[in-house]
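[1] pasting the structure only:
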DNA sequence: TTCGCTCATATTGTATACAAAATACAGACG
DNA sequence: CGTCTGTATTTTGTATACAATATGAGCGAA
C-alpha cells in the first residue's frame, strides 16, 4: 500500500448536513434571534433552511444534547429559557472546567500561543477604550478558545464548549455596565500575567474568579430584569 | 382547570425509540459486548434490534456525542477504543467535576441521602470481603450516583455521567488487583467520613484523589496489557 | 357561561425509498 | 507478479411516505 490507512482521508472530513444545520441554529439561539421559549416547528424550519426533516431532526438532537433546546416527546422542541436558576446551575460547572483549563494551559501552552493570547488581550483593551461591544465579545471568545486549545485536551474543550454556548446567551442578554466592563478588562490583564508567568494555580483561580464575577454581574442584571417585569405586570 | 398544565403529562415522558436504543447500545459498549474498534453496520444493527434506520441513527448520534463511538461521514460508526491516551484525557476532566460534586454534596445532601450512602459503603465493604466483583462495581456506581444526586445540579450530573460512561469501560477491562481493591475500599471509607462531617473541601479532594488512584491502577493494567500483547505477537 | 367531549387537523415519530459516496472486485497494463 | 483503473456492490446520507400522538375547534350538557 502507498500510505498508511487513515492519514489523508481522515483529514478531509466532508461535512454532513446535520451538524451544519446545528451550527447555524446554534448561532441563532446564542445571539437571541431564536428567542428563549420559542417553539421550533420542524416543517417551518425545513422550509426556511431548505432541507428535509431527517437532517433537521439530527440537528435538533445535537442542540438538545447541548442543552440549548428542550425536546418533549410528541410535543416538539423549544428554545430553552435563560433563567437565573439555569445560569446558577451552569456556572459552577464551567468554573471547575475553567480552573482546569488554566492549570493545563499554563503548563502546556507554546510560546507562540501565549504571544497570540497576549496580542488578543491588547486588542481587547483597545476595543474597550473604543467601546466596541461586539468586537470585545468576539475577542473575549477568541482568548477563551485560545486557552482551551492550549490546554491540549479535546474532551475538556468539548464539554467547556457546550457550557460556554449556554452561558453566552446570558451574556448577550445582560448588557455590560461601564464599571463591570472596566473590571473585566483588568481581570483579563491579570489572567494574561498568570499565563505569561506559567503559574497554573494562579491562572486557574483567576479564570474561575473572572467567571464568578461575570455571573455576579449577570445575577444583578437578570434580577433587575425580573423586578422590572414584575413592576410592569403590576402597573 | 383541574390541574396546572405541565405537571402530569411531563411526569409521563413516554419514551421514544432513539434514546431507548442508545441506552441499550451504551450498555453493550460499556460492558464490552460491543468491542472497541468494532464497525457498527447500520443494516445489521437494525435487524438485530428490529427497528428502522431512522431511530437507530438517532441513537448513534447520541452515543457519538457522548464519545462512546466515532462517526466518520460516509464511512460509518466505530466503537471508540479505550486507549491509555484517551483515559489520560478524560480523567482530569472527570476529577475536576468530582471535586465539585464533593464540595456541593457535602453542603447540600440531606441527612437521609448521607445515611443511604453510608449504608451503600457498608455493603460495599461486605462485597469486597466476599470478593463479589460485580456487586462491588454496582455499589460503586450507586454511591457515585448518590453523591451526584446530592450535589443538586443536573448539568453537573449530565456531564459527569457521560464522562463516567467512558471511564467505566476502562474499569471493566482492567481487572482490580487485590491490593488496589483493598485501598479503594479504604478510600471509600474516607470519602464517607468527609461526607458525614460535611467537609466539602476534604470530600472533593478525596474524590479527586480516589479517581487519580483509579487511573494509576488502570495505567498499570493497560500498560501491562500492551506488553502482554506485544509478547504474544512476538511468540 | 363553563366544563367536558368528539372529531378534524396539525405535528411529531418511524419506516421506507432514493441519492451520493465509499468499498470491493475484476481485468488491463506495465 | 503487482499495481492501477474502471465498474459493480455495499453503505451511508437525505428525502419522502406513513403511523401515532397531541392540539384545537365545535358542540352539547350542567
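    Nice, thanks for sending it over. Everything numeric in this text was worked out from a predicted model, so none of it was measured.

[2] use CA for all of it now, contacts and neighbours both
    Noted.

[3] And the most centrally placed residue in chain A, how close does it get to residue A:71?
    By Cα atoms, centre = their mean, chain A has its centre lying nearest to residue A:164, at 2.8 Å. Residue A:164 sits 20 Å away from residue A:71, going by Cα to Cα, to the nearest Å.

[4] And for the strand or helix carrying residue A:159, what's in contact with it?
    Assigned by DSSP states H and E, residue A:159 falls within helix A:154-173. Residues from elsewhere that reach helix A:154-173 (Cα atoms under 8 Å, 6 or more residues apart in numbering or on different chains): A:29-32, A:66-68, A:82, A:87, A:90-91, A:94, A:97-98, A:101, A:148-149, A:218, B:89-90, B:93, B:159.

[5] would residue A:70 count as being in a strand?
    Yes: counting by DSSP: H, G, I helix; E, B strand; the rest coil, residue A:70 falls inside a strand.

[6] isn't it right next to residue A:62, touching?
    No: look at residue A:70 against residue A:62 with Cα atoms under 8 Å: they stay out of range, at 10.8 Å.

[7] distance of residue A:54 from DNA strand C?
    6 Å (Cα to the nearest atom of the strand, to the nearest Å).

[8] how many neighbours does that residue have?
    Using other Cα atoms under 10 Å in any protein chain shown, residue A:54 has 14 neighbouring residues.

[9] likewise residue A:151?
    21.

[10] Let me know the pLDDT of it.
    pLDDT for residue A:151: 98.

[11] Name the residues that touch the helix or strand just after the helix holding residue A:159?
    Going down the chain from helix A:154-173, the next helix or strand is helix A:178-196, by DSSP H and E. The contact list for helix A:178-196, computed with Cα under 8 Å, 6+ apart, reads A:102, A:105-106, A:114, A:117-118, A:121, A:124-125, A:128, A:200, A:202-203, A:206-207, A:210, A:217.

[12] Against which helices or strands is the helix or strand following helix A:178-196 packed?
    Going down the chain from helix A:178-196, the next helix or strand is helix A:200-234, by DSSP H and E. Counting contacts by 3 or more Cα pairs under 8 Å, 6 or more residues apart in numbering or on different chains; DSSP states H and E, helix A:200-234 is packed against helix A:84-108, helix A:178-196.

[13] Residue A:77 belongs to a helix, doesn't it?
    No: under the criterion used here (three-state DSSP), residue A:77 is strand, not part of a helix.

[14] Leaving out the residues flanking it, which one is nearest to it?
    residue A:71 (4.3 Å; Cα to Cα, 6 or more residues apart in numbering or on different chains).

[15] burial count for residue A:146?
    Around residue A:146 there are 18 residues (other Cα under 10 Å).

[16] Show me what from chain A comes close to DNA strand C.
    Neighbours of DNA strand C within chain A, by Cα under 7 Å from any atom of the strand: A:14, A:40-43, A:54, A:71-77.

[17] In PyMOL, how would I select the buried members of these?
    Here is the PyMOL command that selects the buried residues among the residues of chain A next to DNA strand C (16 or more other Cα atoms under 10 Å in any protein chain shown):
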select buried, chain A and resi 40+42+71+77
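
[18] Turn the residues of chain A next to DNA strand C into JSON lines, columns for distance to residue B:184 and pLDDT.
    As requested, these are arranged in JSON lines below (distance: Cα to Cα, whole Å; pLDDT from 0 to 100):
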{"residue": "A:14", "distance to residue B:184": "46", "pLDDT": "64"}
{"residue": "A:40", "distance to residue B:184": "48", "pLDDT": "98"}
{"residue": "A:41", "distance to residue B:184": "51", "pLDDT": "98"}
{"residue": "A:42", "distance to residue B:184": "50", "pLDDT": "98"}
{"residue": "A:43", "distance to residue B:184": "54", "pLDDT": "97"}
{"residue": "A:54", "distance to residue B:184": "47", "pLDDT": "98"}
{"residue": "A:71", "distance to residue B:184": "40", "pLDDT": "97"}
{"residue": "A:72", "distance to residue B:184": "41", "pLDDT": "95"}
{"residue": "A:73", "distance to residue B:184": "41", "pLDDT": "95"}
{"residue": "A:74", "distance to residue B:184": "45", "pLDDT": "95"}
{"residue": "A:75", "distance to residue B:184": "46", "pLDDT": "95"}
{"residue": "A:76", "distance to residue B:184": "45", "pLDDT": "96"}
{"residue": "A:77", "distance to residue B:184": "44", "pLDDT": "97"}
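
[19] What lies in contact with stretch A:102-120?
    Residues contacting stretch A:102-120 (Cα under 8 Å, 6+ apart): A:139, A:142-143, A:146-148, A:150-152, A:192, A:194-201, A:203-205, A:207.

[20] Low-confidence regions, chain A specifically.
    A:1-14, A:225-235 (pLDDT under 70).

[21] can you pull the contacts of residue A:203?
    Contacts of residue A:203 by Cα under 8 Å, 6+ apart are A:99, A:102, A:103, A:106, A:191, A:194, A:195.

[22] Are any of these buried, and if so which?
    Neighbour-count burial (16+ other Cα under 10 Å) applied to the contacts of residue A:203 gives A:99, A:102, A:103, A:106, A:191, A:194, A:195.

[23] how about residue A:199, what does it touch?
    A:103, A:106, A:107.

[24] cutoff 6 Å now
    residue A:106 (Cα atoms under 6 Å, 6 or more residues apart in numbering or on different chains).

[25] so residue A:36 makes contact with residue A:80?
    Yes: assessed by Cα atoms under 6 Å, residue A:36 is found in contact with residue A:80 at 5.4 Å.

[26] now the helix holding residue A:159, how far from the centre of its chain.
    Distance of helix A:154-173 from its chain centroid, counting by Cα atoms, centre = their mean, to the nearest Å, is 3 Å.

[27] That one vs helix B:154-173, what angle?
    Angle, helix A:154-173 to helix B:154-173, by axes from the mean of the first three to the mean of the last three Cα atoms, to 10 degrees: 170 degrees.
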